[in-house]
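Student: Below are the sequence and a predicted model for it; my questions follow.
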Amino acid sequence: MKAFQLIAHGQPGNFQLNEVPRPVPQPDEALVAVKACGLNHIDLWLEEAGLPIPAQLPRTPGGEIAGIVAETGTAVRDWQPGDRVAIQSNLFCGECEFCRRGEESICLKGQLLGVDCDGGFAEFTVIKAATLVRLPAGVDFQASAALTLAGSTALHMLTDRACVRPGDWVLAMGGASGVGSAAIQIAKHLGARVVSTGRTEAKRELARQLGAEAVVNTDAPDWPAEVRRLTGKRGVDLVIEHIGGTVLEQSFNCLARGGAVVTCGATTGKDVRLNLWPLFVKQQRLIGSYGRNRADMAETLRWAERGWLKPVIDSEFKLGDADKAFARLRTQGQLGKILVTA
Ligand SMILES: [Zn+2]
């Protein structure tokens, strides 16, 4: 089978479309024919060797996979060839104390699909059957590959790690990104009022189309003041944050009393300065959020089936053009998700 492999780290890294042996499923595994796989910022971190844990090369990236079960291991009972599936990319053991209470996202033996093992920029991928989630009939492969990682990350942030309430103000950072575009839609559907951010007019327009009442440019000198002005000087109850660096530091200046910044990433910097005085005086919180639980993924797909959460797709590339998909991701000019399709 063909696999798009990272051979050497770099900016850009060295990728090759190689012919590799088709994997054979172990008893508890399934072989999935990949139909669509979304790109995410983690693919760039893998490419640049920017992850805390080194990945073994060659590695086939790609964690946001939708496809069809092609073969099952001898012990697999719940799945059959032909089943349409998405894959939970936070791989989990299913046995530790956190998995037992349904929090697979913080599994003690957690691994990342497409980082710790080969992912979806290939014709097939082999995976533990327990990580499969059934695709509802009304959700196509592209929608799944555009929503299941970023969309479920946003759902996990807004409904598990924090609980958005009707009437809350939510600041969804990066409204044209995967997490941001989903966060706007989810928060809006749950009755919140949403402000978003975008660094180009095209990105700000997309965020407005998705339901943001106002969209600010984080390149402006005192953009948090604009957020406070928009909320009648009150500030927002929740910040859905994935940018990190100075943007995360500044986002605390947007926060209402009792509010929370929920962070699931740090694309521009992992080290931040935090002034504890306003944090405790205003009883604010900084909440970490990592990926999603299997339940979040199933729920994300139900939202997609009902039309409450719509995929925002920037562009699609065939597996043979996966290098072009990465080049597009590196520009950071994309509006929504970039997909590689079969
Ligand atoms: Zn576990």
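Tutor: Noted; the coordinates are in hand.
Student: and the residue nearest in space to the middle of the chain, what is it in contact with?
Tutor: Centroid check for the chain by Cα atoms, centre = their mean gives Ala150 as the closest residue, at 2.4 Å. Residues in contact with Ala150 (Cβ atoms under 8 Å, 6 or more residues apart in numbering) are 38, 40, 64, 177-179, 181-182, 337. Where you see a C-beta, it was placed from the backbone N, CA and C, and this is true even at glycine.
Student: How about the contacts made by the closest residue to Glu47 other than its chain neighbours?
Tutor: Leaving out its chain neighbours, the residue that sits closest to Glu47 by Cβ to Cβ, 6 or more residues apart in numbering is Gly13, at 4.0 Å. With contact taken as Cβ under 8 Å, 6+ apart, Gly13 is in contact with 6-7, 47-48.
Student: Next one: Gly13 relative to Phe326, how far apart?
Tutor: Gly13 sits 8 Å away from Phe326, going by Cβ to Cβ, to the nearest Å.
Student: Now do the shared contacts for the two.
Tutor: With Cβ under 8 Å, 6+ apart, Gly13 and Phe326 have common neighbours Glu47.
Student: one step back: okay, and which of the contacts of Gly13 map to helices?
Tutor: With helices taken from DSSP state H, the overlap with the contacts of Gly13 comprises 47-48.
Student: can you confirm Ala30 is in a helix?
Tutor: No. Counting by DSSP: H, G, I helix; E, B strand; the rest coil, Ala30 falls outside a helix, being strand.
Student: For Pro81, see how far away it is.
Tutor: Look at Ala30 and Pro81: by Cβ to Cβ, they are 9 Å apart.
Student: likewise Lys318?
Tutor: Taking Cβ to Cβ, one finds Lys318 at 24 Å from Pro81.
Student: same thing with Asn90?
Tutor: 25 Å.
Student: can you list the residues of the protein near the ion?
Tutor: Contact residues (Cβ under 5 Å from the ion) of the chain with the ion: 92-93, 96, 99, 107.
Student: Quick one: buried ones out of these?
Tutor: For these, a neighbour count by 16 or more other Cβ atoms under 10 Å gives the buried set as 92-93, 96, 99, 107.
Student: which two from those residues end up farthest apart in space?
Tutor: Phe92 and Cys96 (8.1 Å; Cβ to Cβ).
Student: any shared contact partners between those two?
Tutor: With Cβ under 8 Å, 6+ apart, Phe92 and Cys96 have common neighbours 107, 109.
Student: Ignoring the adjacent residues along the chain, who's closest to Leu108?
Tutor: Per Cβ to Cβ, 6+ apart, closest to Leu108 is Cys96, 4.1 Å.
Student: which residues does that neighbour contact?
Tutor: Neighbour list for Cys96: 107-109 [criterion: Cβ under 8 Å, 6+ apart].
Student: do that again at 10 Å, thanks
Tutor: The contact partners of Cys96, by Cβ atoms under 10 Å, 6 or more residues apart in numbering, come to 103-104, 106-110.
Student: can you pull the pLDDT of it?
Tutor: What the model reports as pLDDT for Cys96 is 98.
Student: now do the one 3 residues further on
Tutor: At Cys99 the predicted local distance difference test score is 95.
Student: Quick one: classify it as helix, strand or coil.
Tutor: Here Cys99 is recorded as helix under three-state DSSP.
Student: That one contacts Phe92, correct?
Tutor: Yes. Between Cys99 and Phe92 there is a contact under Cβ atoms under 10 Å: 5.3 Å.
Student: okay, and the common contacts of the two?
Tutor: Contact criterion Cβ under 10 Å, 6+ apart; residues shared by Cys99 and Phe92: 105-110, 130, 293-294.
Student: Out of those residues, which is nearest to the ion?
Tutor: Proximity of those to the ion was ranked by Cβ to the ion; the top entry is Cys107 with 3.1 Å.
Student: Could you measure from the closest one over to Leu210?
Tutor: Counting by Cβ to Cβ, the gap from Cys107 to Leu210 is 32 Å.
Student: try Thr231
Tutor: Distance of Thr231 to Leu210, given as Cβ to Cβ: 19 Å.
Student: ok, those two, which is more surrounded?
Tutor: Between Thr231 and Leu210, counted using other Cβ atoms under 10 Å, the more crowded position is Leu210 (23 against 19).
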